[in-house]
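[1] just coords:
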Ligand SMILES: [Mn+2]
């Protein structure tokens, strides 16, 4: 991505902070995704290459899909303690970095705090921030910073940074996949990032329980009037030893059935409630539907939890979804 004069100056200030630091601690947001972890571990390898002692701290453990990243085993939930610089990556809000980060924020003697983030909703919580929503991934920003600083980028850094670029674009399938993002990934491949392995490890691989649950959940699928829905029942999850998050990819899979405008996964909860996961194609906005049921999200991906048992949730929400699809198609003149 071409930088504006002001962003070049901003990046230079961050580079100076990083170069001046000897013991930086890097934080990514809680419930970390591939971009938060890829950006943090990528920056860790870059700074270690400069001879610095670097710590990477996450409030939550890494998912199995990120354990292949070089340095993943060094990640832990660690306090700021005696570090001399705090770096916040990929989280737009200071409350999203966990208890150790919050404790440091409330400590008047804490070291300086810098932030690198691509969310336009960033609250500006850091002492010095580089926020640019034109970047598809925070890892892409870290790579741009490394290039501007002319730091060596080894295969480990390249692998971590490419993983952030790949996972935040769902392997180049989202509408923020830009030519600049593809240029960055191509350049990282030349530095040794194994792209096919990253897509397989970071996105495609599933646990055996997840795979077995797909069979059971897809067997419940119904497709009618542009709406596809399926049920993740407790009895099925227990039968294959699956966790609540397993099967979550099914809702996107159903959205991609030809003729489907909106998909729903109904996830039965232990407490008798039902969690709803919505996906839609661009003509249909599911954010309003989720909001109506006490949830929220984006136009094409949203969710809610309702105080209804599974069958009652289906009986109430499927007709509402069908009305939304019908109205969306009337509105667009289709
Ligand atoms: Mn991100």
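    Thanks, I have it. On a predicted model such as this, the values are computed, not experimentally measured, just so you know. Numbers count the residues shown, from 1 in each chain.
[2] just the buried residues of stretch 305-324, please?
    305-306, 308, 310, 313-314, 317-318, 321-322, 324 (16 or more other C-beta atoms under 10 Å). C-betas here are computed from N, CA, C, even on glycine.
[3] and if you look at stretch 24-42?
    Per 16+ other C-beta under 10 Å, stretch 24-42 contains these buried residues: 24-30, 32-42.
[4] taking these one by one, which sit in strands?
    24-28 (DSSP state E).
[5] is it possible to get a markdown table of these that adds pLDDT and distance to residue 60?
    Shown next, in a markdown table, are those (pLDDT from 0 to 100; distance: C-beta to C-beta, whole Å):
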| residue | pLDDT | distance to residue 60 |
| --- | --- | --- |
| 24 | 98 | 21 |
| 25 | 98 | 16 |
| 26 | 98 | 15 |
| 27 | 98 | 12 |
| 28 | 97 | 10 |
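[6] now the helices for the chain?
    5-20, 34-49, 99-105, 138-149, 155-168, 179-190, 195-199, 208-218, 234-239, 250-255, 286-292, 310-331 (DSSP state H).
[7] the ion is nearest to which of these?
    helix 34-49 (3.4 Å; C-beta to the ion).
[8] could you tell me the end-to-end distance of stretch 43-54?
    9 Å (C-alpha to C-alpha, to the nearest Å).
[9] and that stretch, how far from the chain's centre?
    Its chain's C-alpha centre and that of stretch 43-54 lie 24 Å apart, by C-alpha atoms, centre = their mean, to the nearest Å.
[10] do me a favour and average the pLDDT over it.
    Average pLDDT, stretch 43-54: 98.
[11] the ion contacts on this structure?
    35, 90, 138, 168 (C-beta under 5 Å from the ion).
[12] swap in 6 Å and give it another go.
    With the criterion set to C-beta under 6 Å from the ion, the chain comes near the ion through 35, 90, 118, 137-138, 168.
[13] dump the ones in strands among the buried residues of stretch 24-42 to JSON lines, plus distance to residue 220.
    Compiled in JSON lines, those are given as follows (distance: C-beta to C-beta, whole Å):
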{"residue": "24", "distance to residue 220": "49"}
{"residue": "25", "distance to residue 220": "46"}
{"residue": "26", "distance to residue 220": "43"}
{"residue": "27", "distance to residue 220": "40"}
{"residue": "28", "distance to residue 220": "36"}
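[14] list just the nearest of those residues to residue 289.
    residue 28 (30.9 Å; C-beta to C-beta).
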